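[1] Sequence and computational prediction follow.
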Amino acid sequence: ELRADGLKPGLISHNAALAACGAAWRRALLLGAALGSRGLLPDLITHKSFITSWGHGWGWPQALLVLRSLRAGRIRPDASATVSVVVACGSSSGRWEWATSSLNQARREDIDPSLEASNAVISACGRGHNWITSVHIFSRLAECLLQPDLVSSSAALSACERAAQWCRALALLHR
């Protein structure tokens, strides 16, 4: 419609359209391919839109690739890009190894992880029957100046419950 009105869509228009794609990652991919043909260079917002789109389903490997390409290129990922990848690996797919690795990488890059990212990893570890890592990350929230919330607590307790670690669950409750 922009072209019908004689307007030329720019990067901001493309980024808005990409963000609107949500879980429709195939459509996002088509829009992304159009960037190059229009002489537009993707920016951090473009990359975050791809990460979010792929993160809605089983596209976590692509989300990881986008984050890696950001790290290797001229654009430095920010906290929300990293959080999106952690959530894609953790909440959406249960890939606790990749979620934990992405969270640790963010810390090494001096990117403060959010409570949302930490909760995604705690949950993913619990679903992956890795209660030890789940409890460890839960215990380190205070070191990151994050206050555990209902999601954090429930995820850590659930991880202990799945592993029949009732003593650990009780210890978490008494913190």
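    Sure, I can see it.

[2] List the buried residues in stretch 10-23.
    Within stretch 10-23, the residues that count as buried by 16 or more other Cβ atoms under 10 Å are 14, 15, 17, 18, 21. (Each C-beta comes from the backbone N, C-alpha and C, glycine too.)

[3] any idea which helix or strand comes after whichever strand or helix holds the third one?
    Spelled out, it's residue 17. Per DSSP states H and E: residue 17 is located in helix 11-21. Later in the chain than helix 11-21, the nearest helix or strand by DSSP H and E is helix 25-37.

[4] which outside residues touch that following helix?
    Residues from elsewhere that reach helix 25-37 (Cβ atoms under 8 Å, 6 or more residues apart in numbering): 11, 14, 17-18, 21, 41-42, 46, 49-50, 53-54, 56-57, 59, 62.

[5] which element follows it toward the C-terminus?
    helix 44-55.

[6] any idea of the mean pLDDT in that next one?
    Helix 44-55 carries an average pLDDT of 86.

[7] With stretch 82-98 instead?
    What stretch 82-98 shows for mean pLDDT is 81.

[8] Would you mind writing the CA trace of it as PDB?
    Provided in PDB are the C-alpha atoms of stretch 82-98 (Å, rounded to 0.1, in the frame of the first residue of the first chain):
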ATOM      1  CA  THR A  82      19.800 -12.100  24.200                       C
ATOM      2  CA  VAL A  83      16.700 -12.500  26.300                       C
ATOM      3  CA  SER A  84      14.700 -13.300  23.100                       C
ATOM      4  CA  VAL A  85      17.200 -16.100  22.300                       C
ATOM      5  CA  VAL A  86      17.200 -17.400  25.900                       C
ATOM      6  CA  VAL A  87      13.400 -17.500  25.800                       C
ATOM      7  CA  ALA A  88      13.300 -19.200  22.400                       C
ATOM      8  CA  CYS A  89      15.700 -21.900  23.600                       C
ATOM      9  CA  GLY A  90      14.100 -22.200  27.100                       C
ATOM     10  CA  SER A  91      10.400 -21.500  27.200                       C
ATOM     11  CA  SER A  92       9.500 -22.300  23.600                       C
ATOM     12  CA  SER A  93      11.600 -25.500  23.100                       C
ATOM     13  CA  GLY A  94      12.900 -26.700  26.400                       C
ATOM     14  CA  ARG A  95      16.500 -26.700  25.100                       C
ATOM     15  CA  TRP A  96      18.000 -26.000  28.600                       C
ATOM     16  CA  GLU A  97      21.600 -26.500  27.400                       C
ATOM     17  CA  TRP A  98      21.400 -23.700  24.800                       C
END
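
[9] Okay then, goodbye and thanks.
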